[in-house]
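Asker: give the three-dimensional model of this entry:
(one chain, ligands or ions: 1)
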Amino acid sequence: MEKGQTKKLAELIKSSSHTVILTGAGMSTESGVPDFRSKEGWWKEIDPRTVASVEALEDNYPLFREFYSTRLKALQTVQPHEGHKIIAKWEKNGLVQCVATQNVDGLHQKAGSIAVKELHGSIRKIRCNQCGNEAAKEQFITGESCNACRGKLRPSVVLFGELLPQIAWQSAFQHIQKADLVIVIGTSLEVYPVSELPAMTNGKTVLINKDPVWTAHHFFLTIEGNAKEVLHAVDELV
Ligand code: OAD
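Answerer: Sure thing, here's the model as predicted:
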């Protein structure tokens, strides 16, 4: 991370009248939540189709439930880090208008962000896959079925093979179209359709990521570094 780059981003933020932040799993790793495609990521160990797909829910429910229960339990003690709090502060101060996230952990909201669009749903909300009835997360973790219809319980996350929540998607899309600055943080941009969002703005695009991303050349500015340290450095200058 070079000083010139953080200064440039701070200037962009100050001069922008509509800024959208788009985050991925790399936003939460410094809170202790693993990402998916890094060396320590979930998908280095497990094939996503076996645990995070419609097929897994239908045909391999015990493994599906074990995977999401493990993640849910791990989230119980997790807290947002300084980077999440800086984003929330920027929103409060009128510097950020929307936080679109692929993360299902709720850490942006926990840090105080309000205008959050959860593009891949939320792991903290449990519902029946059959009738949609809501349930407590303990019921899911202990393997109970739906009180109303005996259907399978599941977290309200987007599985491979499912559509994105349309209200969140439409709202994020509208913000991106209006934006004159989109800051993308901690995502490999490998998953469609969120991967398309940075190309849907006429505004400037900035990428903050620890490792190189293959689409980095499409961005106006790329900053290689950890989300927390980059956001901290930029916050000192806005
Ligand atoms: P990935 O794991 O694909 O990408 C995370 C990116 O964040 C990687 O490029 C890392 O280098 C980077 N990274 C990790 N720690 C970082 C840090 N502290 N600071 C900055 N960058 C960091 O995660 P996503 O792109 O979010 O979907 O994955 C998208 C979707 O794929 C997820 O929502 C999930 C997954 O399958 C579903 O399960 C439907």
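Asker: all contacts plus neighbour counts: C-alpha atoms, from now on.
Answerer: Will do.
Asker: residues contacting the one helix or strand Ile21 maps to, please?
Answerer: Using DSSP states H and E, Ile21 sits in strand 19-23. For strand 19-23, the external contacting residues (CA atoms under 8 Å, 6 or more residues apart in numbering) are 13, 95-103, 175-176, 179-187.
Asker: cool, and stretch 163-174?
Answerer: Against stretch 163-174 from outside (CA under 8 Å, 6+ apart): 98, 100, 117-121, 158, 197, 200.
Asker: same thing with stretch 212-228?
Answerer: So stretch 212-228 is contacted by 1-2, 5-6, 26-27, 30, 81-83, 185-186, 188-189, 204-211, 230 (CA under 8 Å, 6+ apart).
Asker: and those residues, which are buried?
Answerer: Buried residues within those, counting neighbours by 16 or more other CA atoms under 10 Å: 5-6, 26-27, 30, 81-83, 185-186, 188-189, 204-210, 230.
Asker: in helices, which of the residues you listed appear?
Answerer: 5-6, 82-83, 230 (DSSP state H).
Asker: closest to the ligand out of the contacts of stretch 163-174?
Answerer: Val158 (5.2 Å; CA to the nearest ligand atom).
Asker: which pLDDT does the model give the residue nearest to that closest one when sequence neighbours are not counted?
Answerer: Of all residues not flanking Val158 in the chain, His120 sits nearest, at 4.9 Å (CA to CA, 6 or more residues apart in numbering). You'll see His120 listed with a pLDDT of 98.
Asker: just confirm yes or no for the top helix by length along the chain near the ligand.
Answerer: Counting residues, the longest helix found in the chain (DSSP H) is helix 61-75. No. Figure legend: helix 61-75 not in contact with the ligand (CA under 6 Å from any ligand atom); closest approach 10.4 Å.
Asker: can you give me the buried ones in that helix?
Answerer: 61, 64-69, 72, 75.
Asker: go on, stretch 110-130?
Answerer: Neighbour-count burial for stretch 110-130 flags 111-113, 115-124, 126-129 (criterion: 16+ other CA under 10 Å).
Asker: show me this protein divided up by domain.
Answerer: 1-32+80-120+164-238, 34-77+123-157 (automatic domain parsing).
Asker: deepest of the ones you listed, which one?
Answerer: Sort these by mean neighbour count, taking mean count of other CA atoms under 10 Å, and domain 1-32+80-120+164-238 sits at the top with a mean of 19.
Asker: gap between the two ends of it?
Answerer: 17 Å (CA to CA, to the nearest Å).
Asker: can you give the distance of that domain from its chain's centre?
Answerer: Domain 1-32+80-120+164-238 has its C-alpha centroid displaced from the chain centroid by 10 Å (CA atoms, centre = their mean, to the nearest Å).
Asker: can you check stretch 158-169 too?
Answerer: With CA atoms, centre = their mean, you get 13 Å for stretch 158-169.
Asker: can you give me the end-to-end span of that stretch?
Answerer: By CA to CA, the extent of stretch 158-169 from end to end equals 12 Å.
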